[in-house]
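Visitor: can you look at this prediction? I've put the sequence above it.
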Amino acid sequence: MSAPISTKVFTLALVTNLLGMSIYYDPTFAQVGEYCQFEREAIATKENLRNAVFQDTSKSRNLEATKEYQAIIKEHSQSLNTCRQKSWLKTQGIWLRLYPCDLLSGKLDEVMDRIVNKGYNQVFIEVLSDGKILLPLSENATAWNSLVLSEKYKNADLLKLAIAKGQERGIKVHAWIFTLNVGTGYGRGIDRNGLSKSTVARQNAIARNANGDSTISIVENLGKNSAGEVPTKDQLFVDPYNYQAQSDLYLAVNEVVKRKPDGVAFDYVRYKRGAGAASVVSNVRYLWIYGASSLQAFRDRAENFQGREIINRFLKQGYVTPNDLKFVKKLYPQETEPLWQGRQPSDQSGQKEPAIAYWQKELWQLAVGHAFIGVTYYLDTVSKPVFQQKIPASIAFFSDGNQPVGEGFDSRMQPWHLFTSSYEWQPMAYAVCGRSDCIVNQVLRAANYAPSGTKIAPILVGQWNEPFTNRPSLEVQMQAIRSAVPAITSISHFAFGWQTQEIEFSRSRQICKL
């Protein structure tokens with residue numbers, strides 16, 4: 001649908017740009033189409049004005065250009081807002097990674113202008129990922145290194161600046177935070193084997209399996225898996241039951257909300273996904289629950305001595321045997337049977353004792369539940385500063401990350417079905433089947449589980465106007481979701497740097513040295 005910008009009659013003239021050409025801003029150029037994208041004439045006018053502001057060395061010309069550039073930013077903001085109000089899609093978001101050189105004069109303005117030009121009125125800025133945090137060097141007391149390490153820019157607050165630049169253009173700016181995946185730079189001293197060079201506390205904060213492996217000491221095949229995720233050996237996950245891990249991220253989140261973003265999005269609210277056959281786990285020894293804190297919490301789920309002993313044997317061996325059951329009964333004869341949280345005593349009067357397969361299943365379900373609860377508890381702990389400031393919170397998740405697969409379970413152990421309606425749900429609908437069906441099905445699965453009143457905002461991968469990686473164009477995907485779930489009025493796209501028109505622009509920003 002078309003929504004022209006304000007019909008206010010005026011003409012703004014810029015004396016001269018760098019090429020010596022006169023620029024005239026005619027508001028009729030800024031027409032927007034069905035997806036609230038601006039036309040080429042309006043985009044070009046704004047770009048020329050921006051270049052004049054940040055490149056012209058003449059003070060008088062720069063002042064005039066600045067005035068006119070600010071005027072067109074305001075007009076485009078109003079136009080975008082009007083278009084979104086009339087559209088079924090009230091919020092169209094994009095996920096964005098910033099780089100140190102975005103601190104250079106005019107660069108963030110260019111990034112945000114490009115986002116507005118495509119009709120986006122929401123942006124998710126990567127704040128904590130790959131072991132780096134988007135906080136000024138001079139104010140960073142967290143367990144992560146600042147993204148910008150230059151002493152010259154030690155006071156530069158890239159996050160705060162990006163929030164201001166986005167909001168100036170009518171964009172809601174959300175902070176995008178990796179949660180359990182803290183990155184290899186966590187603690188400023190984690191080596192490639194996941195061992196801390198700095199403190200014992202952070203060594204104990206790392207998630208481990210029964211072999212003592214961390215998530216970066218397991219070598220995976222690189223490349224996208226079927227879910228569109230890019231596995232990498234540089235992902236370091238923490239033990240969600242560990243107090244040090246909780247307090248480290250809590251502090252980081254608290255610092256982020258001080259910058260007053262419009263929202264906070266939590267990503268990697270799960271465990272690491274294995275590659276190939278390891279993407280499914282069917283033995284407790286391969287779950288990431290063998291950190292000291294997680295083990296202690298698991299053992300504490302026992303409600304009697306028999307229960308604690310059989311849990312210990314299950315954790316150590318990966319299974320239990322009839323002899324294990326006989327041993328614990330002999331060890332604690334005063335107790336009838338092993339008990340733990342969630343398990344009701346069985347009525348064995350005149351009946352055979354449960355078969356070993358029963359106990360194996362019960363213990364496996366306990367382990368899965370333990371892994372799930374750790375994720376949700378960790379999330380609720382670290383997100384407290386967000387809710388205390390009454391800032392909207394959301395969670396990005398895979399809609400198939402919480403289910404059994406054959407005899408095992410999806411190794412991500414992502415318990416999104418336990419998330420509450422306090423968070424906006426953002427299912428990553430990345431399915432690949434050449435059509436929209438499988439993508440819509442992932443969204444429907446999340447919608448069917450969502451508590452009443454939950455806001456659902458799917459995340460899509462794709463390109464405008466053309467198919468991409470065996471997926472339909474973004475327009476086709478969005479229309480299919482609209483037809484299937486009319487209540488959805490918010491959708492985002494992953495990611496800015498993946499869009500064809502922005503690949504070279506993003507690469508130049510990435511390789512630039514500050």
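Guide: In hand now; what should we look at? Just so you know, these numbers come straight off a predicted model, no measurement behind them. Residues are numbered from 1 along each chain as shown.
Visitor: for residue 145, list each beta-bridge partner.
Guide: residue 132 (DSSP bridges).
Visitor: so residue 95 sits against residue 120, correct?
Guide: No. Using CB atoms under 8 Å, residue 95 is not in contact with residue 120, being 10.2 Å away. The way it works is simple: take the backbone N, C-alpha and C, and place the C-beta from them, glycine included.
Visitor: show me which of these two is the more surrounded one.
Guide: Using other CB atoms under 10 Å, the more surrounded residue of residue 95 and residue 120 is residue 120, with 27 against 22.
Visitor: and the pLDDT at the closest residue to residue 466 other than its chain neighbours?
Guide: Distances taken as CB to CB, 6 or more residues apart in numbering place residue 473 nearest to residue 466, at 5.5 Å, with adjacent residues excluded. As predicted, residue 473 sits at a pLDDT of 98.
Visitor: show me the contacts for residue 473.
Guide: By CB atoms under 8 Å, 6 or more residues apart in numbering, the contact list for residue 473 reads 462, 463, 464, 465, 466, 467.
Visitor: does the first one really touch residue 472, like I thought?
Guide: Yes. With contacts defined as CB under 8 Å, residue 462 counts as touching residue 472 at a distance of 7.0 Å.
Visitor: what lies in contact with the helix or strand that contains residue 127?
Guide: Using DSSP states H and E, residue 127 falls within strand 122-129. Strand 122-129 is contacted from outside by 91-98, 112, 115, 133-134, 144, 159, 162-163, 166, 171-178, 181-183, 252, 256, 261-262, 265, 490, 492, 496, using CB under 8 Å, 6+ apart.
Visitor: just the helices in this structure please.
Guide: 40-55, 59-86, 107-117, 158-168, 200-204, 243-257, 292-299, 305-317, 322-331, 356-382, 384-388, 437-449, 474-484, 503-511 (DSSP state H).
Visitor: figure out which of those helices is closest to residue 32.
Guide: helix 59-86 (4.7 Å; CB to CB).
Visitor: what is the mean pLDDT for the closest one?
Guide: The model assigns helix 59-86 a mean pLDDT of 92.
Visitor: what's the angle from that helix to strand 122-129?
Guide: 110 degrees (axes from the mean of the first three to the mean of the last three CA atoms, to 10 degrees).
Visitor: packing partners for helix 59-86?
Guide: In terms of contacts (3 or more CB pairs under 8 Å, 6 or more residues apart in numbering; DSSP states H and E), helix 59-86 is packed against strand 12-14, strand 23-25, helix 40-55, helix 107-117.
Visitor: again, 6 Å this time
Guide: Helix 59-86 sits against strand 12-14, helix 40-55, with contacts defined as 3 or more CB pairs under 6 Å, 6 or more residues apart in numbering; DSSP states H and E.
Visitor: for the longest one, buried residues please.
Guide: Spelled out, that is helix 40-55. Burial within helix 40-55, assessed by neighbour count using 16 or more other CB atoms under 10 Å, is assigned to 42, 43, 45, 46, 47, 48, 49, 50, 51, 52, 53, 54.
Visitor: helices or strands up against it?
Guide: Helix 40-55 packs on helix 59-86, helix 107-117, going by 3+ CB pairs under 6 Å, 6+ apart.
Visitor: need the ones you listed in JSON lines with distance to residue 368, can you?
Guide: Shown next, in JSON lines, are the helices and strands packed on helix 40-55 (distance: least, CB to CB, whole Å):
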{"stretch": "helix 59-86", "distance to residue 368": "42"}
{"stretch": "helix 107-117", "distance to residue 368": "40"}
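Visitor: do you know the pLDDT at residue 197?
Guide: 45.
Visitor: quick check: residue 362 vs residue 356, distance?
Guide: With the distance defined as CB to CB, to the nearest Å, residue 362 ends up 11 Å from residue 356.
Visitor: quick one, which of those two is more surrounded?
Guide: Per other CB under 10 Å, whichever of residue 362 and residue 356 has more neighbours is residue 362, with 18 against 15.
Visitor: buried residues in stretch 479-489, which are they?
Guide: 479, 480, 481, 482, 484, 485, 488, 489.
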